[in-house]
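Asker: Okay, here's the prediction I keep looking at, along with the sequence it came from:
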Amino acid sequence: MDTTTRFPMTAGASASARRPVRAIVGAWLLLLVVASPQARAFTPDGLYLMTRFMGGSLEMKAWLFRGDRFAQEPKGDLKNFDFQAAERQAPGTTGSYSRDGDKWTFQWTAGRRMTGRYEAGSPAGVCFYWDAGSFCPVEAFARDQRLQGAFTGSIGTAAAGAARTLTFGADGRYRLEAAGGVAARAEDGLDRSGGWWNQSGRYRLSGNVLVLQPDEGPATTMTVFPYDDGTKGPQPRRIYVGGFMLRRMADDAR
């Protein structure tokens, strides 16, 4: 039985006239196969921002991908990241992943295992979706870059919250103000407790690594990257620092 798809042709059209039509259809079918998420061999590489809504709040986290390994909120030299050392120090935020078509399985060093569906994001081949989260690559700061201005932001749920205000000076100095609170159910109702503290010192900013060296005490290393939210004013408009997306304060936008 002839199963060839027939296309309307003018009377007396020859077989040679049908060949271009078949070639075009074949090319479109090939394009659809190659462009499908299942067929595309997409491999994330570098630092990505993961965002998703969980329990009524927005979760944001930095993920580093290299080969078949990953690290959440990595700290240190990201270009030459030591995954083995990170797995020993933070087994709950590091591990490896495997792919079976559009099913990606993540295995944390601490034992947690999760399988979810991969979907291509927009733009395709750059961003992707997995486990209700959106993953997109991020930019980096210049080597030994200096910032000028104050950035503020908060994260939290109905039970707990935290806020940060980080002020940078072109002279390499910083000031960090932080507050946090926890809600607990007491016998006579809802009781809230929290605290506030501040810190000053010097900072070093290179690539995706921010080191805060306080005037007293040990240094803190955090993952950082700039984020352009499309608003007008001095850049960067926002910065991601150690789990917080901080926006430039209004006084610095004038």
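Answerer: Sure thing, it's come through. Numbering: from 1, shown residues only.

Asker: can we go C-alpha only for contacts and neighbour counts from here?
Answerer: Noted.

Asker: low pLDDT regions in the chain?
Answerer: 1-41, 156-161, 181-194, 251-254 (pLDDT under 70).

Asker: Need the phi and psi values for the residue most central in space within it.
Answerer: Centrality entry for the chain: nearest residue to the mean C-alpha point is residue 49, 0.8 Å, by CA atoms, centre = their mean. Dihedral angles of residue 49 (phi, psi; degrees, to the nearest 10) stand at phi -100, psi 120.

Asker: try residue 83
Answerer: phi -70, psi -40.

Asker: measure the spatially closest residue to residue 202 that is not a sequence neighbour to residue 137 for me?
Answerer: In space, and not counting its chain neighbours, residue 202 is closest to residue 173: 4.4 Å by CA to CA, 6 or more residues apart in numbering. Between residue 173 and residue 137 the distance is 29 Å, computed by CA to CA, to the nearest Å.

Asker: same question, residue 238
Answerer: According to CA to CA, residue 238 stands 16 Å off from residue 137.

Asker: and the two? which has more neighbours close in?
Answerer: residue 238 (22 against 17; other CA atoms under 10 Å).

Asker: ok, that one - contacts?
Answerer: For residue 238, the contacting residues are 151, 226-229, 245-248, by CA atoms under 8 Å, 6 or more residues apart in numbering.

Asker: Can you say which of the residues you listed are buried?
Answerer: Those of those that meet the buried threshold are 151, 226-227, 245-248, by 16 or more other CA atoms under 10 Å.

Asker: hang on, the earlier thing: I'd like the contacts of residue 238 as JSON lines, with distance to residue 91 appended.
Answerer: Listed next are those as JSON lines, based on distance: CA to CA, whole Å:
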{"residue": "151", "distance to residue 91": "31"}
{"residue": "226", "distance to residue 91": "27"}
{"residue": "227", "distance to residue 91": "28"}
{"residue": "228", "distance to residue 91": "32"}
{"residue": "229", "distance to residue 91": "33"}
{"residue": "245", "distance to residue 91": "25"}
{"residue": "246", "distance to residue 91": "27"}
{"residue": "247", "distance to residue 91": "31"}
{"residue": "248", "distance to residue 91": "34"}
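
Asker: how long is stretch 66-73 from one end to the other?
Answerer: Using CA to CA, one end of stretch 66-73 lies 14 Å from the other.

Asker: Contacts for that stretch, please.
Answerer: Outside stretch 66-73, the residues within contact range by CA under 8 Å, 6+ apart are 43-46, 61-65, 83, 86, 93-98, 222-223, 242-243.
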